[in-house]
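Trainee: I would like the atomic coordinates for the input below:
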Amino acid sequence: MLTLAILGFLAERPMHAYELRQVVSDLIGHNRPVSDGALYPAVNRLREAGHVERRAEPGEGAPTRQVLHLTDNGRAELLRRLATPKETEITDGGSFFTLLAFLGQLDDPTRQAAVLRRRLDFLTRPGSFFRKDGKPALVRDVDDPFRKGMLLVARATRRAEREWLEQALRERGESGSGSGSGPGAVPGPEDIPGPASGSASGSGSASA
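Mentor: Numbers count the residues shown, from 1 in each chain. Next up, the predicted model:
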């Protein structure tokens, strides 16, 4: 997630490390703080791989500063990561949102749609925070009001994301229907548990 965010933001424009840390923190800092101890080793690994280079540039009324630039190899690596994300980057909500933040840099609607399709297909799989009789628990199966609240919020989030994904796929010339009970079928509120999907913050699982 951190590496993808670094590559993605540097593809938009060169930045010095402090600014890069700020924008990366805005995107993924709700999952875990982006400290210097995490950012700088990641940047150094990308430099060693030839994906990022550091250039000395004069500051405005300030001493020379070190600015990070994405190399051609780095841009190719970013596009590779966007086109062929790992399974966890599809199933984990926080990782998928990081991927989504830069998917527009993949200048191919068909390849964009393939990534969105993987997420939509994942969101149709049964799953839950809890289980009942060996199966993912539905909202109606849970009595505890706080656990029920978790499932209700996750169900609404899942439904909203599926609707957006279906729309985005249609805009790219593809059918937006998932693997429901029929063409374009969207399960009713109590028909199917939600997926074991991360939320935008990457924690927990959406459920219905």
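Trainee: tell me who's in contact with Arg75.
Mentor: Ala11 (Cβ atoms under 8 Å, 6 or more residues apart in numbering). The way it works is simple: take the backbone N, C-alpha and C, and place the C-beta from them, glycine included.
Trainee: ok, now with 10 Å
Mentor: 7, 10-11, 51, 105 (Cβ atoms under 10 Å, 6 or more residues apart in numbering).
Trainee: check which helix or strand covers it.
Mentor: Counting by DSSP states H and E, the element that carries Arg75 is helix 72-83.
Trainee: quick check: longest helix of the chain.
Mentor: helix 145-171 (DSSP state H).
Trainee: is Phe122 located within a helix, as I assumed?
Mentor: Yes: assessed with DSSP: H, G, I helix; E, B strand; the rest coil, Phe122 lies in a helix.
Trainee: residues near it, how many?
Mentor: 18 (other Cβ atoms under 10 Å).
Trainee: separation between it and Thr110?
Mentor: For Phe122, the distance to Thr110 equals 19 Å [Cβ to Cβ, to the nearest Å].
Trainee: about what we covered before: buried ones in the helix holding Arg75?
Mentor: By 16 or more other Cβ atoms under 10 Å, the buried positions in helix 72-83 come out as 74, 77-79, 81-82.
Trainee: also stretch 88-97?
Mentor: 89-97.
Trainee: mind checking the SS state of Thr98?
Mentor: In terms of secondary structure, Thr98 is helix; the call rests on three-state DSSP.
Trainee: and it, what does it touch?
Mentor: By Cβ under 10 Å, 6+ apart, the neighbours of Thr98 are 1-5, 8, 24, 27-28, 31, 85, 89, 92, 202.
Trainee: helices - which of the buried residues of stretch 88-97 land there?
Mentor: With helices taken from DSSP H, the overlap with the buried residues of stretch 88-97 comprises 89-91, 93-97.
Trainee: nearest to Val153, of those residues?
Mentor: Checking those against Val153 with Cβ to Cβ, the nearest one is Gly93 at 12.8 Å.
Trainee: count the neighbours of Arg117 for me.
Mentor: For Arg117, the neighbour count with other Cβ under 10 Å is 19.
Trainee: just checking, it touches Arg162?
Mentor: No: using Cβ atoms under 10 Å as the test, Arg117 is too far from Arg162 to be in contact (11.9 Å).
Trainee: poorly predicted segments of this structure, please.
Mentor: Across the chain, residues meeting the criterion (pLDDT under 70) sit at 31-32, 59-62, 176-208.
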